[in-house]
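*Asks:* Fold the following, please.
(one chain, ligands or ions: 1)
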Amino acid sequence: MVDPSVAKRLVDSIIADFPDHKAGTRPIHTIGIGVKGTFEPSEVARSYCIAEHFQPRPDPVKVTVRFSNGSGSPAQHDGWNDVRGMATRFHLGGDRATDLIAMTLGGFFVRSVDEFFDFTKDALQTKVKRESPWCKILDMLSLKPPLQNPPPGQTQSGDAGTLAYADKHRFAQLAVFQAGMLGAPTSYVRAVYHAVHTFFVVGPGGVRRPVRFSWKPVAGVETTKDTIKAPADDYLQGELRARLEQWPARMMLMMMIGEAGDVLEDPSVPWPARRARVVMGTLTLEEVAADQLADCEKMSFNPWRLVPGIEPSADPLLQARRDAYEDSRKRRGVTQCPFLPK
Ligand code: HEM
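*Replies:* Predicted coordinates for the structure are as follows:
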């Protein structure tokens, strides 16, 4: 059982990193857009997991997805280097629902709640430093990695602080390095999103497997670095709207299966790339939700909103997220209170 004061301190520590945080909004992943669609399980999904949304059914499962920018600032900067989020709610009928929360980093910066507190102290947004081409050459001549310049127009970033943290803590290096290289996607549906933690899925006959989930875009990955002209700083929502008016967008739900010896409780450690991956189903995004208040701003996702057949691992960060998201929901004045297992 996590100490109840921890949830409050976790949310406070995130808010402290974004001095322009606006009360009533999410402290992180603040800018987002809600989208409606459906999920169709693959033929093999049911042989790995008994959860309701992986079973054959007459109609596909209805879903609501909230895509977001990772920053906790209320200012929209789509063109900045940032993590993006994809929070999916599978509506199973009646009051039943399950959530899958994912983001564009393959792993997390830290392994425990105490490390999270230290990390957020260092991750303050500071003025971006740029290096001239001459400085880059000098860096390379002295065998120092040249500073990665952020996309044009970006003025603030947490990179300096997170790099300083990674210099002191080896476990943070992979995620910090990846976060610095993410850039900006050309579309919310042209990025890969990872649920990061290990979960257990239960198959028919009670077979229990450790797994990690990710969403892969059928349209492929593309960032603004791949395009000739950098788009304006508020293009992602308009792009999605225009795209879905033309044609639905699809994402594949991939499940990586852990093997003996794989790390189950530390989201900073990736699993070997050769682990088996199973396609669990296809998400079809059909339209931007008409009511963005109800289907985006006033939603509250939680990685613990699970159904029989999917279980959380003992990862201490996953454990802590349960109450932190609840604390944040209450602060935002979101009254919706669906069942969350203890
Ligand atoms: C201890 C670690 C973490 C803490 C304390 C934390 C905390 C939070 C909080 C408080 C929110 C706002 C919730 C709300 O107001 O509804 C949030 C949102 C979010 N977090 Fe985390 N988080 C953590 C780790 C992660 C990880 C590992 C992921 C990767 C899957 C993640 C992905 C997201 C996403 C995508 C959102 C936006 C959800 C939405 O659209 O409503 N977080 N986080």
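*Asks:* what's the longest helix in this protein?
*Replies:* helix 316-331 (DSSP state H).
*Asks:* Specify the local secondary structure of the residue in the stretch 51-200 of the chain positioned nearest to the ligand.
*Replies:* Proximity of the stretch 51-200 of the chain to the ligand (Cβ to the nearest ligand atom) peaks at G85, 2.6 Å away. For glycine as for every other residue, the C-beta is placed from the backbone atoms N, C-alpha and C. Under DSSP: H, G, I helix; E, B strand; the rest coil, G85 falls in the strand class.
*Asks:* For burial, what's the neighbour tally of it?
*Replies:* 22 (other Cβ atoms under 10 Å).
*Asks:* coming back round to it: who are the packing partners of the longest helix of the chain?
*Replies:* Other elements packing on helix 316-331 under the criterion 3 or more Cβ pairs under 8 Å, 6 or more residues apart in numbering; DSSP states H and E are helix 4-16, helix 113-122.
*Asks:* Using TSV, please lay out those together with distance to the ligand and mean neighbour count.
*Replies:* Shown next, in TSV, are the helices and strands packed on helix 316-331 (distance: least, Cβ to the nearest ligand atom, whole Å; neighbours: other Cβ atoms under 10 Å):
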stretch	distance to the ligand	mean neighbour count
helix 4-16	4	17
helix 113-122	5	18
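*Asks:* Correct me if wrong: D20 contacts P74.
*Replies:* Yes - between D20 and P74 a contact is recorded at 6.3 Å, counting by Cβ atoms under 8 Å.
*Asks:* Show the backbone phi and psi for the most centrally placed residue in the chain.
*Replies:* Nearest to the geometric centre of the chain sits M103, at 1.9 Å (Cα atoms, centre = their mean). Geometry field for M103 lists phi and psi as phi -150, psi 170, criterion degrees, to the nearest 10.
*Asks:* tell me the contacts of it?
*Replies:* Neighbouring residues of M103 by Cβ atoms under 8 Å, 6 or more residues apart in numbering: G70, V83, R84, G85, M86, Y193, H194, V196.
*Asks:* Equivalent analysis for V11, please.
*Replies:* Counting by Cβ under 8 Å, 6+ apart, V11 has contacts P27, A324, D327, S328, R331.
*Asks:* one more time with 10 Å
*Replies:* R26, P27, I28, D323, A324, Y325, E326, D327, S328, K330, R331 (Cβ atoms under 10 Å, 6 or more residues apart in numbering).
*Asks:* Could you let me know which of those residues ends up closest to the ligand?
*Replies:* Among the contacts of V11, and counting by Cβ to the nearest ligand atom, the member closest to the ligand is S328, at 3.3 Å.
*Asks:* thought the closest one was touching A23?
*Replies:* No - if you go by Cβ atoms under 10 Å, S328 and A23 don't touch, sitting 11.6 Å apart.
*Asks:* Name the residues contacting each of those two.
*Replies:* Residues touching both S328 and A23 (Cβ under 10 Å, 6+ apart) are I15.
*Asks:* If you count surrounding residues, which of these two has more?
*Replies:* Ranked by neighbour count (other Cβ under 10 Å), S328 and A23 place S328 first, with 22 against 9.
*Asks:* Now narrow the contacts of V11 to whatever sits close to the ligand.
*Replies:* Taking Cβ under 6 Å from any ligand atom as the test, the ligand is in contact with R26, P27, I28, A324, Y325, S328 out of these.
*Asks:* Would you convert the residues you listed into TSV that also reports distance to L141?
*Replies:* TSV is the format used below for the ones next to the ligand among the contacts of V11 (distance: Cβ to Cβ, whole Å):
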residue	distance to L141
R26	44
P27	43
I28	39
A324	46
Y325	48
S328	47
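*Asks:* biggest separation within the residues you listed, which pair?
*Replies:* R26 and A324 (11.7 Å; Cβ to Cβ).
*Asks:* Need phi/psi at the residue of the chain most remote from its centre.
*Replies:* Within the chain, L141 marks the point farthest from the mean C-alpha position, 37.2 Å out by Cα atoms, centre = their mean. Phi and psi for L141, reported as degrees, to the nearest 10, are phi -60, psi -30.
*Asks:* where are the low-confidence patches of this protein?
*Replies:* Along the chain, the parts satisfying pLDDT under 70 run over 1-2, 145-147, 228, 230, 336-339, 341-342.
*Asks:* Around the ligand, which positions in it sit nearby?
*Replies:* 10-11, 14, 26-29, 32, 66, 68, 85, 87, 101-103, 108, 116, 195-196, 267, 300-301, 317, 320-321, 324-325, 328-329, 332.
*Asks:* Many thanks, I have nothing further to ask.
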